[in-house]
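Asker: the sequence and its predicted three-dimensional model are supplied below.
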Amino acid sequence: MIVTQRERERGRDIGRGRSRLHAPGYAQILRDRLRESFHDVQYVEPPFDESIADLGKEWKSVLAKLKFANSYRMEPLKKFQAHSVETKVQQILKESLKDVKYDDKVFSHLSLELADRILSAVKEFGYHRYKFVIKVLFIQKTGQAINIASRWIWDVAWDSWVGAKHETETYVALALVFALYCE
């Protein structure tokens with residue numbers, strides 16, 4: 001490949017075995033970009049005498065969005081394994097609902113509590129860069145039929161979901177865990 005004098009002056013010498021990564025100033029450019037990509041999040045102590053509504057306005061304005069350096073990772077270190085999560089969710093449902101009878105008021109709070117327990121249990125598996133959506137549904141058995149559907153736009157290679165069911169004489173508890181990989 002013939003390189004003109006003008007291209008050499010511009011730093012475009014891409015001869016055999018050389019790339020732009022070997023250009024003289026490229027390493028410095030990368031160091032500068034990395035230095036600019038880290039920011040500290042700061043918290044300013046609000047004055048003591050203000051109301052709670054005004055507290056959020058004061059300190060949120062000085063927070064910088066935390067930025068991370070690019071890792072260029074396009075796939076997870078540990079892929080989501082549905083079978084292990086399903087057994088854990090099934091165990092949580094069985095332990096939590098073994099002697100519980102159907103009650104609307106109790107189940108509205110119990111569904112939130114179960115979702116929190118399931119979320120903390122799933123996070124213990126150590127799936128980094130996964131976001132989890134947990135849905136816990138209680139359906140009273142009154143002779144009706146029910147169809148539950150969810151639609152998602154996701155990456156088939158890395159995203160997944162798990163469903164676990166606990167059934168008693170008076171109700172059915174259904175827990176759905178959606179695992180979404182965020183690059």
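Answerer: Here it is on my side, so go on. From a predicted model like this one, the values you see are computed outputs, not experimental measurements.

Asker: so after the helix or strand harbouring residue 105, what's the next helix or strand?
Answerer: If you go by DSSP states H and E, residue 105 is part of helix 104-123. Next along the chain after helix 104-123, taking DSSP H and E as the criterion, comes strand 130-140.

Asker: and that next one, which strands flank it?
Answerer: strand 171-181 (antiparallel) (DSSP bridges).

Asker: per-residue confidence at residue 9?
Answerer: Model confidence at residue 9, given as pLDDT, is 58.

Asker: domains of this structure?
Answerer: 5-60, 82-181 (automatic domain parsing).

Asker: least reliable of the ones you listed by average pLDDT, please.
Answerer: Across those, the lowest-scoring stretch is domain 5-60, with a mean of 59.

Asker: tell me where this structure has helices.
Answerer: Here the chain has its helices, by DSSP state H, at 5-9, 26-36, 52-60, 82-96, 104-123.

Asker: export the fourth one as CSV, just CAs?
Answerer: Think helix 82-96. Taking C-alpha atoms only, helix 82-96 is exported to CSV below (Å, rounded to 0.1, in the frame of the first residue of the first chain):
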residue,chain,number,x,y,z
ALA,A,82,-33.9,-20.2,34.8
HIS,A,83,-34.0,-23.6,36.4
SER,A,84,-32.1,-22.6,39.6
VAL,A,85,-34.1,-19.4,39.9
GLU,A,86,-37.3,-21.3,39.5
THR,A,87,-36.6,-23.8,42.3
LYS,A,88,-35.7,-20.9,44.6
VAL,A,89,-38.9,-18.9,43.8
GLN,A,90,-40.9,-22.1,44.2
GLN,A,91,-39.3,-22.6,47.6
ILE,A,92,-40.1,-19.1,48.7
LEU,A,93,-43.7,-19.4,47.7
LYS,A,94,-44.1,-22.7,49.5
GLU,A,95,-42.6,-21.4,52.7
SER,A,96,-44.4,-18.1,52.7
